[in-house]
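Student: Predicted model and sequence below, questions to follow.
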Amino acid sequence: MNHTVPQIAASRLPELLRAMPKAELHMHIEGSLEPELIFALAQRNQVELPYDSVEALRAAYAFTDLQSFLDIYYAGASVLLYEQDFYDMARAYLNRAAADNVVHTEIFFDPQTHTARGVGMETVINGLYRACRDAQISQGISATLILSFLRHLSEEDALATLEEALPLRDRFIGVGLDSSEVGNPPEKFARVFARCKELGLHLVAHAGEEGPPAYIWGALDTLKVARIDHGVQSEKDELLMQRLVREQVPLTVCPLSNLKLCVVDDLADHNLPRLLEAGLKVMINSDDPAYFGGYVNENYTQLFAATGMGADQAYQLARNSLEASFASDAQKADWIAQLDAVFAKFGAAA
Ligand SMILES: [Zn+2]
């Protein structure tokens with residue numbers, strides 16, 4: 001670390017974690033749908049839900065693995081029909097993010113979840129884009145969109161989705177790959193990612209959440225991604241670890257998601273502190289905050305409480321999140337200066 005972090009009392013750590021400016025680079029907007037909003041939209045759009053109440057829906061959020069979550073996640077998304085629904089969902093998330101001192105967010109959205117139900121591509125993208133623009137104006141939060149392909153569907157479906165979205169190319173900055181990982185290796189999407197690279201889109205992919213380290217190699221070498229989403233399985237492969245350190249490939253880790261989907265049994269055993277110590281460019285994100293028990297600050301505070309990490313690690317994680325974003329270098333330097341100012345203020349008060 002080339003920055004000296006001031007001494008800050010451990011008792012002030014939760015306050016520091018909340019106050020520090022940070023970026024969120026791994027959050028699925030459909031995963032920010034709170035049960036209350038699902039019910040409100042179901043009523044507004046007259047969609048029948050398989051749950052009687054907000055409480056019954058929330059009680060169903062007891063997952064055993066990734067697939068058990070995805071089944072409920074897709075059911076929740078069924079209430080989204082009109083542009084205003086996508087707008088309302090994104091504004092609700094951006095309000096929470098701004099309250100967590102997120103200065104920049106790169107939001108995943110899954111168009112295939114909606115177009116397969118007959119919702120138009122422009123309905124999805126325009127609603128989300130308008131919410132990002134309005135939040136920038138009213139709250140000063142920088143927000144961009146990353147179109148994610150569903151990997152349990154075919155590459156042909158992904159290619160068709162890309163073509164459908166291209167008329168709105170100026171409204172999203174990149175593409176990602178999400179949904180059921182095991183059995184759907186990155187190589188399945190080689191052609192569509194090559195096409196996106198030609199188009200100058202930023203490339204990211206989920207890899208090594210439940211899937212093996214081989215999927216991380218594949219995402220880097222075949223898909224040519226700039227960031228790995230999750231990547232917590234990289235620890236099983238020493239050569240891969242060395243490469244991730246050498247190339248400083250960002251890993252967008254999601255602690256509460258890993259806990260809720262049983263990737264780890266206990267937050268105290270989460271490997272993020274070890275990955276950070278080994279020199280990997282890791283950071284903390286919320287993944288699907290409405291389903292996994294917390295937005296980004298909750299992920300920071302719970303993981304720090306469970307693992308005993310301190311101010312040095314807090315600084316590095318926040319800085320990694322800002323540096324790993326697709327924002328301009330000038331913008332990143334500005335946010336890092338804000339981060340340094342917050343740490344200096346907490347240090348001076350110690
Ligand atoms: Zn994810």
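Tutor: Sure thing, it's come through.

Student: right, and the helix or strand after the worst-scoring helix or strand of the chain on mean pLDDT?
Tutor: For the chain, using mean pLDDT, DSSP states H and E, the weakest element among its helices and strands is helix 66-77, scoring a mean of 84. Using DSSP states H and E, the next helix or strand after helix 66-77 towards the C-terminus is helix 83-99.

Student: Can you check what angle separates that following helix from helix 66-77?
Tutor: Here helix 83-99 runs at an angle of 120 degrees relative to helix 66-77 (axes from the mean of the first three to the mean of the last three C-alpha atoms, to 10 degrees).

Student: Outside of helix 83-99 itself, list whatever touches it.
Tutor: Helix 83-99 has contacts (C-beta atoms under 8 Å, 6 or more residues apart in numbering) with 24, 27, 29-30, 32-34, 37, 41, 44-45, 79-80, 105, 107, 123-124, 126-128, 130-132, 134-135, 139-141, 143, 289, 295-296. C-betas here are computed from N, CA, C, even on glycine.

Student: do the same with stretch 184-197
Tutor: 149, 151-152, 155, 158-159, 162, 174-175, 177, 203, 205, 207, 211, 214-215, 218-219, 222-225.

Student: Any of the contacts of helix 83-99 buried? List them.
Tutor: 24, 27, 29-30, 32-34, 37, 41, 79-80, 105, 107, 123-124, 126-128, 130-132, 135, 139, 141, 143, 289, 295-296 (16 or more other C-beta atoms under 10 Å).

Student: For PyMOL, write the select line for the buried members of the contacts of stretch 184-197.
Tutor: Per 16+ other C-beta under 10 Å, the buried members of the contacts of stretch 184-197 correspond to this PyMOL selection:
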select buried, resi 149+151+155+158+159+162+174+175+177+203+205+207+211+214+215+218+219+222+223+225
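
Student: List the buried residues of stretch 288-305.
Tutor: Counting neighbours by 16+ other C-beta under 10 Å, the buried set in stretch 288-305 is 288-304.

Student: Please disregard the earlier target; I meant stretch 107-126.
Tutor: 107-115, 119, 121, 123-126.

Student: Just the buried ones among the contacts of helix 83-99: which are in strands?
Tutor: Among the buried ones among the contacts of helix 83-99, the ones falling in strands (DSSP state E) are 24, 105, 107, 143.

Student: Go through those and name the one nearest residue 264.
Tutor: Distance ranking of those against residue 264, using C-beta to C-beta, places residue 24 first at 20.5 Å.

Student: Could you check how far the closest one is from residue 129?
Tutor: 18 Å (C-beta to C-beta, to the nearest Å).

Student: likewise residue 278?
Tutor: Counting by C-beta to C-beta - residue 278 and residue 129 are separated by 38 Å.

Student: Look at the two and report which has more neighbours.
Tutor: A direct count of neighbours by other C-beta atoms under 10 Å for residue 278 and residue 129 places residue 129 higher, at 23 against 15.

Student: what about that one, distance to residue 323?
Tutor: 25 Å.

Student: Contact partners for residue 276?
Tutor: Contact analysis of residue 276 by C-beta under 8 Å, 6+ apart lists 282, 309, 313, 316-317.

Student: Same list (these) but as TSV, adding secondary structure, distance to residue 245 and neighbour count.
Tutor: Listed next are those as TSV, based on DSSP: H, G, I helix; E, B strand; the rest coil; distance: C-beta to C-beta, whole Å; neighbours: other C-beta atoms under 10 Å:
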residue	secondary structure	distance to residue 245	neighbour count
282	strand	11	27
309	coil	19	20
313	helix	16	21
316	helix	14	18
317	helix	16	23
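
Student: Quickly check these for the two that are furthest apart.
Tutor: 282 and 309, at 11.5 Å, using C-beta to C-beta across these.

Student: mind listing the strands in the stretch 151-300 of the chain by residue range?
Tutor: Ranges of strands within the stretch 151-300 of the chain are 174-178, 202-207, 227-230, 250-253, 281-284, based on DSSP state E, counting those that start in this stretch.

Student: Quick one: mean pLDDT for the third one?
Tutor: What that stands for is strand 227-230. Averaging pLDDT along strand 227-230 yields 98.

Student: other SSEs contacting that strand?
Tutor: Where contact means 3 or more C-beta pairs under 8 Å, 6 or more residues apart in numbering; DSSP states H and E, strand 227-230 is packed against strand 202-207, helix 213-221, strand 250-253.

Student: In a markdown table: those, plus distance to residue 346.
Tutor: Output for the helices and strands packed on strand 227-230, formatted as a markdown table (distance: least, C-beta to C-beta, whole Å):
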| stretch | distance to residue 346 |
| --- | --- |
| strand 202-207 | 32 |
| helix 213-221 | 35 |
| strand 250-253 | 24 |
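
Student: Looking at the ones you listed, spot the one closest to residue 10.
Tutor: strand 250-253 (22.5 Å).

Student: Residue 79 against residue 45, yeah?
Tutor: Yes. Assessed by C-beta atoms under 8 Å, residue 79 is found in contact with residue 45 at 6.1 Å.

Student: Ignoring the adjacent residues along the chain, who's closest to residue 13?
Tutor: residue 304 (6.2 Å; C-beta to C-beta, 6 or more residues apart in numbering).
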